[in-house]
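Asks: okay, sequence plus prediction incoming.
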Amino acid sequence: MADFLSQYSIQRWLEMCPQGYLENTVYGHSPELREPELVVENETLREESIRTTVQLVVGERCALAASSGLVNAAPDFPSKRFLATQTLDEARHVEIFTRRLFDLGVTEDNLESTIDNYANPHLVKFAEVLLEKVDSGDFIAGVVGQNIVLEGMAFSVFEMLEAVSKQVNPKFAETLSGTIADERRHVGFGENRIGSLIREHPERKADVERMQAEMTYHMLATFSEAFQGNAAATEEARSIAAAEGAGPETAVWHGTDLAAASPEDMEAVLADTVLGEFKTRLGRIGLEYQSPPVPA
Amino acid sequence: MNDQSEASDEPEPSRKRYELEETGFNEVPKKWRKFYRIWEGALDTLAPNEILCPVCKVVIRSVKEIRVGDRLYCMPCMSRLLVVEAEDGTLTTDVLY
């Protein structure tokens, strides 16, 4: 049973989220905040912002499909109830990041084509690996993939983006802050629920670890594509922002100043942080981190 | 549990006690907010009544000095934690599943 959920309830979720850190927000941020004018008006900056936000929408659509799919696969009612609240969290994330695309000038008619155009193919594959487990009703693999691998990655990506955005885009930073708060519960559920389940079903370790390696492969390929495959556009966007005085002066995250770091350095600190967390978190619940063959 | 420490029912006189104030942390219902704060990263210095949740990276704050053997609850991620001594002598936590 999921004893750690004994004090969790829909009421608790209401007090923490809608009546807590989301109170008085509109689409996850203070109502008066807007995207910076330069981001909306400069085509290079706007396209980079759209590209980044599309990856968030893709990831959150996957999380929505996974968490809702896991409700029926959950073996106990407390887990179903938690996953019901997570499903609404993920639906909210899809909505607020989609809303950001609209704020950046994407029209409703062009939404799906924009997502298709900018979605990182490795991130799409990452999602497919997870959803295959969820669709087969595999609760243990589904929760590890969703609440430890996907949410663990999202947690660090959101923290990094928040660090970069705090000075220059408070609207986006606030939006991210609320999603990070949600992710704390999601990783907590994943670790606590699987921590007990994997001890009851040690025979599942090998299969779950294979899935983790496959998802990690696609995650690292996503990071590589995002930072190195797109390095020229990223650097151009940063130069424009700096020239206009709209770039962050400093944005230190895990010892790296993201405002001055090269795309390679940014990729390295993100990958190191996420993989470090994976290893620690998986180790705590009795799983051994499996390195993907390439790219690592 | 409302002081987030489940180890002892009676306060130990030898432990330093702390008055907790709001830190701006708003991710739990209001009555428990003072027991947590956002972690500022690796350079963040923890007070003797504070410890980092290894699951969600929030700093848990107690009304008394934290010691080995204390059991703590992290409400933001619902984790139950046992305070243990790390190899370097500092305090850390094991997650109780």
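Replies: Cool, the structure landed.

Asks: and for the nearest residue to A:F4 once chain neighbours are set aside, the neighbour number?
Replies: Nearest in space to A:F4, with sequence neighbours left out and distances taken as Cβ to Cβ, 6 or more residues apart in numbering or on different chains, is A:N192 at 4.4 Å. C-beta coordinates here come from the backbone N, C-alpha and C atoms, glycine included. For A:N192, the neighbour count with other Cβ atoms under 10 Å in any protein chain shown is 25.

Asks: run through the residues that contact A:N192.
Replies: By Cβ atoms under 8 Å, 6 or more residues apart in numbering or on different chains, the residues touching A:N192 are A:A2, A:F4, B:V55, B:C77, B:M78, B:S79, B:R80, B:V95, B:Y97.

Asks: isn't the last one right up against B:V55?
Replies: Meaning B:Y97. No. Using Cβ atoms under 8 Å, B:Y97 makes no contact with B:V55, being 10.8 Å away.

Asks: re the thing from before, compare the contacts of A:N192 and tell me which is most surrounded.
Replies: Ranking the contacts of A:N192 using other Cβ under 10 Å puts B:S79 first, with 27 neighbours.

Asks: who touches B:Y36 in this structure?
Replies: Counted by Cβ under 8 Å, 6+ apart, B:Y36 has contacts B:T23, B:F25, B:E27, B:V28, B:V58, B:V59, B:I60, B:R61, B:C74, B:M75, B:P76.

Asks: again but with B:F25, I slipped
Replies: B:F25 touches B:R33, B:Y36, B:R37, B:I38, B:V58, counting by Cβ under 8 Å, 6+ apart.

Asks: the first one - nearest residue in space that isn't next to it in sequence?
Replies: Read that as B:R33. B:F25 (5.3 Å).

Asks: separation between A:D257 and A:E249?
Replies: 9 Å (Cβ to Cβ, to the nearest Å).

Asks: in which helix or strand would I find whichever residue of the stretch 51-200 of chain A sits closest to chain B?
Replies: In the stretch 51-200 of chain A, the residue that lies nearest chain B is A:G188 (2.7 Å; Cβ to the nearest Cβ). Assessed by DSSP states H and E, A:G188 sits inside helix A:170-200.

Asks: got it, and B:L72?
Replies: Counting by DSSP H and E, B:L72 is found in strand B:71-74.

Asks: give me the below-cutoff pLDDT ranges for the stretch 151-296 of chain A.
Replies: A:294-296 (pLDDT under 70).

Asks: 50 - rerun?
Replies: Flagging of the stretch 151-296 of chain A using pLDDT under 50 yields the residue ranges A:296.

Asks: quick check: residues of it near chain B?
Replies: A:181, A:184-185, A:187-189, A:191-192, A:195-196, A:199, A:252-255, A:280-281, A:284-285 (Cβ under 8 Å from any Cβ of the partner chain).

Asks: what about A:G142, neighbour count?
Replies: There are 26 residues near A:G142, going by other Cβ under 10 Å.

Asks: give the closest residue to it in space, chain neighbours not counted.
Replies: A:V134 (4.4 Å).

Asks: wait, that neighbour sits on A:A63?
Replies: No. Using Cβ under 8 Å as the test, A:V134 is too far from A:A63 to be in contact (10.6 Å).

Asks: give me the more crowded residue out of those two.
Replies: Counted by other Cβ under 10 Å, A:V134 and A:A63 do not tie: A:A63 has more neighbours, with 26 against 23.

Asks: quick check: the more buried one touching A:A154?
Replies: Yes. Contact criterion Cβ under 8 Å: A:A63 and A:A154 qualify, at 7.4 Å.

Asks: give me the contact list for stretch A:271-291.
Replies: By Cβ under 8 Å, 6+ apart, stretch A:271-291 touches A:144, A:148-149, A:152-153, A:155-157, A:160, A:187, A:191, A:194-195, A:198-199, A:202, A:205, A:208-210, A:212-213, A:216, A:219-220, A:223, A:254, B:54-55, B:95, B:97.

Asks: quick one: the strands in chain B?
Replies: B:36-38, B:50-52, B:58-61, B:71-74, B:79-85, B:91-96 (DSSP state E).

Asks: tabulate the ones you listed in CSV, adding columns for mean pLDDT.
Replies: Compiled in CSV, these are given as follows (pLDDT from 0 to 100):
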stretch, mean pLDDT
strand B:36-38, 97
strand B:50-52, 97
strand B:58-61, 98
strand B:71-74, 96
strand B:79-85, 96
strand B:91-96, 95
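
Asks: for chain A, what's the nearest residue on chain B?
Replies: Closest contact between chain B and chain A, by Cβ to the nearest Cβ, is at B:C77 (2.7 Å).

Asks: in contact with the closest residue in space to that residue that isn't next to it in sequence, which residues are there?
Replies: With Cβ to Cβ, 6+ apart as the criterion, B:C77 has its nearest non-adjacent residue at 2.7 Å, and that residue is A:G188. By Cβ under 8 Å, 6+ apart, the contact set of A:G188 is B:V55, B:C56, B:C74, B:P76, B:C77, B:M78, B:S79.

Asks: kindly report the same for A:S49.
Replies: Contacts of A:S49 (Cβ under 8 Å, 6+ apart): A:E35, A:V39, A:R100, A:L104.

Asks: which pair in these spans the largest distance?
Replies: A:V39 and A:R100 (10.5 Å; Cβ to Cβ).

Asks: from what I see, A:G255 and B:A42 are in contact.
Replies: Yes. Between A:G255 and B:A42 a contact is recorded at 6.8 Å, counting by Cβ under 8 Å.

Asks: the more surrounded of those two?
Replies: Using other Cβ under 10 Å as the criterion, A:G255 and B:A42 rank with A:G255 on top: 11 against 7.

Asks: OK, contacts around the more buried one?
Replies: Applying Cβ under 8 Å, 6+ apart, the residues contacting A:G255 are A:V269, B:A42.
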